[in-house]
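Asker: curious how this folds, go ahead:
(2 chains)
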2 protein chains.
Amino acid sequence: MPETLAGLGEFGLIARLEDLLGRQGRAAPGVVLGLGDDTAILRPQPGNELLVTCDTLVAGRHFLPGVIAPQELGRRAMAVNLSDIAAMGGQPLYALVSLGLQAQTLVAEVEQIYQGFLTELNPWGAAVVGGNITKTEGPVFIDVTLIGQIAAGRALRRAGGRAGDAILVTGHPGQAAAGLRQLRQTPQQADPELRRAYLTPTPRLAAGQAVALSGLANAMIDISDGLLGDLNHICEQSRAGALIEAARLPVSPALATAARAWGLDPLELVLGDSDDYELIITCAPERVPALTAAFGAVGDLALSRIGHLTPAGQGLRLLEANGQLRRLSPRGWDHFSS
Amino acid sequence: MPETLAGLGEFGLIARLEDLLGRQGRAAPGVVLGLGDDTAILRPQPGNELLVTCDTLVAGRHFLPGVIAPQELGRRAMAVNLSDIAAMGGQPLYALVSLGLQAQTLVAEVEQIYQGFLTELNPWGAAVVGGNITKTEGPVFIDVTLIGQIAAGRALRRAGGRAGDAILVTGHPGQAAAGLRQLRQTPQQADPELRRAYLTPTPRLAAGQAVALSGLANAMIDISDGLLGDLNHICEQSRAGALIEAARLPVSPALATAARAWGLDPLELVLGDSDDYELIITCAPERVPALTAAFGAVGDLALSRIGHLTPAGQGLRLLEANGQLRRLSPRGWDHFSS
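Answerer: The predicted structure follows:
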């Protein structure tokens, strides 16, 4: 019979996970003391600031329990936090993980969740340094706190955008929304690229670090509320509006195919609610070539210039292919009115 | 009709809580950027190491939903984390809070939970710098990550104890277990001191800092698994045994009265499973007077010398009032055998 949490006990499970982390995890810089005491002890590296974020996944709300594999779940829980570090331009270092599990949760599945954490952390030299496990009668939850660092003063905030800034976006926003929709409808036939975009998004750490290090950008954010939703966060905090050009929005072939099958305009998916964990970046227009070069030096991720920030009060607007201007709602294309 | 989370919405609630923190919270040192961006930005103070811990409370498992008031719940959730910082000897600085709430949760109750956080954080100059709110259909949960600091090299670990060390304990362990038992049986008639010991334990921060700063102690831990359970953590990590002297164990009048009413030996409560968040400290016997003096300088908390560490292999033992030695189980008095 497969071993459950109730059978092994919480202390037994913790010992098993510490063993797994010891064998398969990386040693992050500055860890004076990791797991196993009242707190971890960490030595900050001089000249750096710390970046700290936390994010929770609850079963049925932030992931599809029957659809996502345990290792994918671990990857997803870590990736959404890594993305917040990426959105500041930082380097991830230390993760703390709180798990709420059910008595009948399988030990093997918990180990696979942890292997998913390491799949995301190891390439960046980051480590799990703390956490706890508790039982719950409710939906399983995973709460991750992630600590990173960045050279002092280099972090890119939401509030730094200025009217006139070019707006750039990485990758292909909307793919996660399309993937989620397919997984809800016909999970077995989901497009692999869309499925991956939703289940195990790739945090844009190398890109975010390159942008911050270049010193060329004014604002940055990651997309967890959709392209418009998160662009609106930049606009609110930067006291600016935004004009998006429909013709410049990146639409992947997989997204176009999926939209066609649903009879949707693909831009509805690109602009609307979707947690892609791509980055939105703003910078002075004359800096776009240099920023693009710095960005391109760390990988072949797509970077699209999709519009520009406008003076405050102009809100979010879309320049359509036919030359018409339309008002957009931060909640997405669904709610826009002309 | 009282406002609920479903009515106000998650973004609305977050705005309300940010406002509350701005008005009633303290500005912690080194906060470059607090709430409202992808991550907080924190500037570490040179010469210090960071202490990081996280702990989760789940309704029905770590607190009694009908019994604990929302503000007490906030205090408890923060106190159990502050206690981990205390157990290393550190100073708390930054809290991140993940809340899992139900749609029908009242906004006023969430605000009271946050006021409870501030009740515990403000006296130490610590601040909430991040967090998130999610809905759950299951039991409410609160996961807190706490970051503190300590002068580099000063943190007291579980592993530093040596055979021969005196074992000291703060306050009156067992009161939390007695309080929990009373609250489960007759919540209206619970003894106020025992009730408080369970619902809103006092993290021993000043005491822990004084002990670490003195440089006189070898090991320290806080009590969340009972006096024996946590002493056993020190023994395991320090490769030592422990001999406890029954006559030296501190028994508060409130605990003695409660034990009498239940027909229990009060030591059963003092030694057994109880989350008191008192501290267990070990130090070389010749240093006890100096340590006691350093400890006494920061308050009038009781400090009892209850026994000493022994060579490994001798396990946990109790010297009873009649001179007999008994073996103890780390699970508590209930399971001991002679």
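Asker: can you list the domain ranges for chain A.
Answerer: A:5-151, A:158-335 (automatic domain parsing).
Asker: for the longest one, give the mean pLDDT please.
Answerer: With pLDDT averaged residue by residue, domain A:158-335 scores 95.
Asker: output the domains of chain A as JSON lines; include the columns mean neighbour count.
Answerer: For every residue, glycine as well, the C-beta is placed using N, CA and C. Shown next, in JSON lines, are the domains of chain A (neighbours: other C-beta atoms under 10 Å in any protein chain shown):
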{"stretch": "domain A:5-151", "mean neighbour count": "21"}
{"stretch": "domain A:158-335", "mean neighbour count": "20"}
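Asker: which one of those lies closest to residue B:132?
Answerer: Closest to residue B:132 of the domains of chain A, according to C-beta to C-beta: domain A:5-151, at 5.9 Å.
Asker: of the domains of chain A, which is nearest residue B:133?
Answerer: domain A:5-151 (8.8 Å).
Asker: quick one: terminal-to-terminal distance for that closest one?
Answerer: End-to-end span of domain A:5-151 (C-alpha to C-alpha, to the nearest Å): 42 Å.
Asker: centre of the chain to that domain, how far?
Answerer: 15 Å (C-alpha atoms, centre = their mean, to the nearest Å).
Asker: still on that earlier bit, of all the domains of chain A, which lies closest to residue B:17?
Answerer: Closest among those, using C-beta to C-beta: domain A:5-151, at 14.6 Å.
Asker: need the domains of chain A in TSV (columns: distance to residue B:279).
Answerer: Listed next are these as TSV, based on distance: least, C-beta to C-beta, whole Å:
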stretch	distance to residue B:279
domain A:5-151	10
domain A:158-335	39
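Asker: to residue B:55, which of the ones you listed lies closest?
Answerer: Of all the domains of chain A, domain A:5-151 comes closest under C-beta to C-beta, at 5.9 Å.
Asker: where do the helices sit along chain A?
Answerer: Listed in chain order, the helices of chain A (DSSP state H) span A:5-8, A:10-24, A:70-88, A:107-121, A:175-185, A:192-199, A:205-214, A:227-238, A:253-262, A:266-271, A:288-296.
Asker: in chain A, which residue sits closest to chain B?
Answerer: Residue of chain A nearest chain B, by C-beta to the nearest C-beta: residue A:138 (1.3 Å).
Asker: isn't that residue right up against residue B:102?
Answerer: No: counting by C-beta atoms under 8 Å, residue B:102 is not a contact partner of residue A:138; they are 9.6 Å apart.
Asker: overlap in contacts of these two?
Answerer: Shared contacts of residue A:138 and residue B:102, defined by C-beta atoms under 8 Å, 6 or more residues apart in numbering or on different chains, comprise B:136-137.
Asker: and the helices of chain A as a markdown table, adding distance to residue B:288?
Answerer: A markdown table is the format used below for those (distance: least, C-beta to C-beta, whole Å):
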| stretch | distance to residue B:288 |
| --- | --- |
| helix A:5-8 | 40 |
| helix A:10-24 | 32 |
| helix A:70-88 | 45 |
| helix A:107-121 | 43 |
| helix A:175-185 | 61 |
| helix A:192-199 | 58 |
| helix A:205-214 | 51 |
| helix A:227-238 | 56 |
| helix A:253-262 | 70 |
| helix A:266-271 | 69 |
| helix A:288-296 | 61 |
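Asker: tell me which of the ones you listed sits nearest to residue A:317.
Answerer: helix A:227-238 (10.7 Å).
Asker: show me what that closest one is packed against.
Answerer: strand A:217-222, strand A:240-245, helix A:266-271, strand A:279-283, strand A:303-311, strand A:316-319 (3 or more C-beta pairs under 8 Å, 6 or more residues apart in numbering or on different chains; DSSP states H and E).
Asker: let me know which of these is the nearest to residue B:301.
Answerer: Comparing the helices and strands packed on helix A:227-238 by C-beta to C-beta, strand A:217-222 comes nearest, at 46.1 Å.
Asker: so the closest one, near chain B or not?
Answerer: Yes: judged by C-beta under 8 Å from any C-beta of the partner chain, strand A:217-222 comes into contact with chain B through A:221-222.
Asker: torsion angles phi and psi at the closest residue to residue A:206 other than its chain neighbours?
Answerer: Excluding its sequence neighbours, the residue lying closest to residue A:206 (C-beta to C-beta, 6 or more residues apart in numbering or on different chains) is residue A:298, at 4.4 Å. Backbone torsions for residue A:298, taken as degrees, to the nearest 10, come to phi -110, psi 10.
Asker: before we move on, the earlier item: among the helices and strands packed on helix A:227-238, which comes closest to residue B:199?
Answerer: Set against residue B:199 and scored by C-beta to C-beta, these come closest in strand A:217-222, at 39.1 Å.
Asker: neighbouring strands of that closest one in the sheet, and parallel or not?
Answerer: strand A:279-283 (antiparallel) (DSSP bridges).
Asker: quick one, what contacts the closest residue in space to residue A:156 that isn't next to it in sequence?
Answerer: Closest residue to residue A:156 apart from its sequence neighbours, by C-beta to C-beta, 6+ apart: residue A:220 at 3.9 Å. By C-beta under 8 Å, 6+ apart, residue A:220 lies in contact with A:87-89, A:156-158, A:208, A:211-212, A:279-282.
Asker: OK, contacts around residue A:182?
Answerer: Residue A:182 is in contact with A:189-191, A:194-195, A:258, counting by C-beta under 8 Å, 6+ apart.
Asker: now with 7 Å?
Answerer: A:190-191, A:194-195, A:258 (C-beta atoms under 7 Å, 6 or more residues apart in numbering or on different chains).
Asker: and residue A:201, by the same measure?
Answerer: Contact analysis of residue A:201 by C-beta under 7 Å, 6+ apart lists A:79, A:176, A:276-277.
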